[in-house]
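Q: The following comprises the amino acid sequence and a computationally predicted model.
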Amino acid sequence: MFDTPQRALLIGLAVLGVIVLSAMLGGHMTLPDLLRVSLRVSHVFSAIIWVGLIWFVNMIQLVVLYEADDAAKGAFRTWIIPRVAKHFKMAGNLAVLTGAVLLYQLGYLTQRPYSSAGWIWLGVAGGVGMLGFVHAKISPAIRVMLDPKITDPAVKLAARVTVRRYARWNLLLSVPVTFAMVAGAHG
C-alpha cells in the first residue's frame, strides 16, 4: 500500500472519496459545496507544496549543494533538481490559477482594496511576484545550469547566483504572503 508515494496519494484520495460520497448521500454536502471546497483545497494544497519546496530549496538543497563534492553535485543535478524544479513550477502555477478562480468566486474582484480584501490583495501581489520570479528568473537559470551543452563556468555560476537570489526572494515573500492570505481569509 505504501510502496510508492503515488499509491499512498491515490489511497488517500480514495478514502476522501468515500468520506465525500457519504457526506453527499447523507445530505450534508451538495455538488456545488463539493466544487467550492475542492477549489479551496486545491489552492491550499498547491500553496503548501509550493511554499514547502521554497523552504526545501533554501534550507536544504542550496546548503547541501554548497557543501557537496562534485560527485554529489552531479547526482543532485541529475536526480533531484529537475524533479524539484518541475513540482515547484507546477505547484506555483496551480496555486496562482486556483487563487485567481477563488478571487472571482468569493467576490474579491468587486470589493474595495481597503476593506478586508486588502490582506488578500497584498497576498495576491506577493504570490504573483513569486510566480513571476519562477518563470522569469529561476526556471531559465535552472535550464542553463542543467544544460550539458553550456560549458562556460562563468555562465553556469551566473545561473547558480540567479537561482539562489530569487529562491531567497521567494523565501522572503513566502512569509508575508502566507500571513496575508490567512489574515484575509479569516480576518
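A: Noted; the coordinates are in hand.
Q: From now on I want contacts and neighbour counts done on CA atoms only, so please keep to that.
A: Will do.
Q: Can you check which helix is longest in this protein?
A: helix 153-186 (DSSP state H).
Q: Please identify the buried residues of that one?
A: For helix 153-186, the neighbour count (16 or more other CA atoms under 10 Å) marks 156, 159-160, 162-164, 166-168, 170-171, 173-174, 176-178, 180-181, 183-184 as buried.
Q: From residue 142, how far off is residue 148?
A: Taking CA to CA, to the nearest Å as the measure, residue 148 falls 12 Å from residue 142.
Q: neighbour count winner among these two?
A: Neighbours were counted for residue 148 and for residue 142 using other CA atoms under 10 Å; residue 142 has more, 19 against 8.
Q: does the more buried one sit in a helix or strand, and which one?
A: helix 139-146 (DSSP states H and E).
Q: returning to what we had before: orientation of the longest helix of the chain relative to helix 139-146 in degrees?
A: If you take axes from the mean of the first three to the mean of the last three CA atoms, to 10 degrees, helix 153-186 sits at 140 degrees to helix 139-146.
Q: Check which helices and strands helix 153-186 sits against.
A: Packing contacts for helix 153-186, counted by 3 or more CA pairs under 8 Å, 6 or more residues apart in numbering; DSSP states H and E, involve helix 31-56, helix 117-133, helix 139-146.
Q: In JSON lines, list those along with distance to residue 63 and mean pLDDT.
A: Converted to JSON lines, those look like this (distance: least, CA to CA, whole Å; pLDDT from 0 to 100):
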{"stretch": "helix 31-56", "distance to residue 63": "10", "mean pLDDT": "95"}
{"stretch": "helix 117-133", "distance to residue 63": "20", "mean pLDDT": "93"}
{"stretch": "helix 139-146", "distance to residue 63": "16", "mean pLDDT": "96"}
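Q: a markdown table for the ones you listed, including distance to residue 95?
A: Shown next, in a markdown table, are these (distance: least, CA to CA, whole Å):
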| stretch | distance to residue 95 |
| --- | --- |
| helix 31-56 | 5 |
| helix 117-133 | 9 |
| helix 139-146 | 17 |
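Q: Any idea how many residues pack against residue 65?
A: Per other CA under 10 Å, the neighbour tally for residue 65 reads 15.
Q: That one sits in which helix or strand?
A: For residue 65, the host element (DSSP H and E) is helix 62-67.
Q: average pLDDT for that helix?
A: For helix 62-67, mean pLDDT rounds to 93.
Q: now stretch 97-110
A: Averaging pLDDT along stretch 97-110 yields 88.
Q: quick one: buried residues of that stretch?
A: 98-99, 102-103, 108.
Q: Report the central residue of this structure.
A: For the chain, residue 50 is the residue whose C-alpha lies nearest the centre (CA atoms, centre = their mean; 1.9 Å).
Q: Let me see the contact set for that one.
A: Shown in contact with residue 50 (CA atoms under 8 Å, 6 or more residues apart in numbering): 87-89, 91-92, 95.
Q: Many thanks, have a good one.
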